[in-house]
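Participant: pasting the sequence and the predicted model now:
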Amino acid sequence: MNTPVIELQGIRTRFRDQLIHDGVDLAVPAGEIVALVGGSGSGKTTLMRHIIGLTHPEAGSIRLFGEALHAGQLAERMARRRRFGVLFQHGALFSAFNVGENIAFPLREQGVASEEEIAALVRLKLSMVEMEPAHAALMPAELSGGMVKRAALARALALEPELLLLDEPTAGLDPDRSVAFIELIRTLHRQLHLTVILITHDLDTLAALATRVAILADKRIVSHDTLERTLVLEHPFVQRFFHGHYRRAEAAAGEDH
Ligand SMILES: Nc1ncnc2c1ncn2[C@@H]1O[C@H](COP(=O)(O)OP(=O)(O)OP(=O)(O)O)[C@@H](O)[C@H]1O
């Protein structure tokens, strides 16, 4: 069997007296788009932060591309860092940098390209997310919500990652922009052969993109399966999320407009 791109084993996380994860196991094979779903505060974002090494669990092991997350010297860790891109929940662009500088940031940080190459790469990444070269000069505050997401995605793709982590990529977008962004992620996934972890509360985003659904509930992954097989699970969270209040909340929101 091929080595999983991400392998989590026995992850335990505690914030003060609050136990968030207790025995999280998850293996993500290459090429999958795994939707990570769970209730508010169940620890999805924290798990993503563990995967990218921003935070550390109290126990358990994390392997990326078959290697322990913190293994090796600085150069090896930097090389591993180049292999994944992250789209944070609110885009998280650097507000003091323009769009071009934001996209260039990981390239400069890694020191892997000349300024001339960086300028060409910024133009290429902008075109990949369907933005114009002129958008490079705009400041984040001048962008619409959809453009912030696109610019942040361009930055996440700057180092040509194999793994993309997306935290609520369509949250805050209106339905048209959301559909367009889903289509963009789908195209990039196909063209770049990406493996994707997607945190989302949005059923349309999930249904359109996910090849597998991982359910974080009861402090662990209680199911990791196709959407079809997930839908028939009896777990209370699954019932609520796919058949219950989220649907009713959506319907109520629709009535308000
Ligand atoms: N650095 C921290 N210090 C203390 N508590 C934290 C920290 N980070 C997260 N938490 C707590 O851990 C829990 C899980 O947070 P997390 O953001 O991972 O959940 P989530 O599943 O992504 O939630 P949501 O769907 O609402 O975004 C929450 O109760 C949160 O308050």
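Facilitator: Structure's in. What do you need?

Participant: mind listing the helices for this structure?
Facilitator: 44-51, 74-81, 99-110, 115-128, 145-156, 175-192, 203-209, 227-231, 236-238, 245-256 (DSSP state H).

Participant: what residues of the fourth one count as buried?
Facilitator: Of the residues in helix 115-128, those with enough neighbours to count as buried (16 or more other C-beta atoms under 10 Å) are 118, 121, 122, 123, 125, 126, 128. For the C-beta atoms, the positions are set from N, CA and C on the backbone; glycine is no exception.

Participant: who does it touch, helix- and strand-wise?
Facilitator: Other helices and strands packing on helix 115-128, by 3 or more C-beta pairs under 8 Å, 6 or more residues apart in numbering; DSSP states H and E, are helix 99-110, helix 145-156.

Participant: pLDDT on the last one, on average?
Facilitator: I take that to be helix 145-156. For helix 145-156, the mean pLDDT works out to 89.

Participant: sorry, back to before: would CSV of the helices and strands packed on helix 115-128 with mean neighbour count and distance to the ligand be doable?
Facilitator: Output for the helices and strands packed on helix 115-128, formatted as CSV (neighbours: other C-beta atoms under 10 Å; distance: least, C-beta to the nearest ligand atom, whole Å):
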stretch, mean neighbour count, distance to the ligand
helix 99-110, 20, 23
helix 145-156, 24, 17
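
Participant: for residue 30, which of those is the nearest?
Facilitator: Residue 30 lies closest to helix 145-156 among the helices and strands packed on helix 115-128, at 17.9 Å (C-beta to C-beta).

Participant: give me the contact list for that closest one.
Facilitator: 85-88, 90-93, 99, 102-103, 105-106, 122, 125-126, 128-131, 135, 138, 140, 143, 164, 169-170, 172-173, 177, 180-181, 184-185, 188 (C-beta atoms under 8 Å, 6 or more residues apart in numbering).

Participant: now list the buried members of these.
Facilitator: 85-88, 91, 93, 99, 102-103, 105-106, 122, 125-126, 128-129, 131, 135, 138, 140, 143, 164, 169-170, 173, 177, 181, 184-185, 188.
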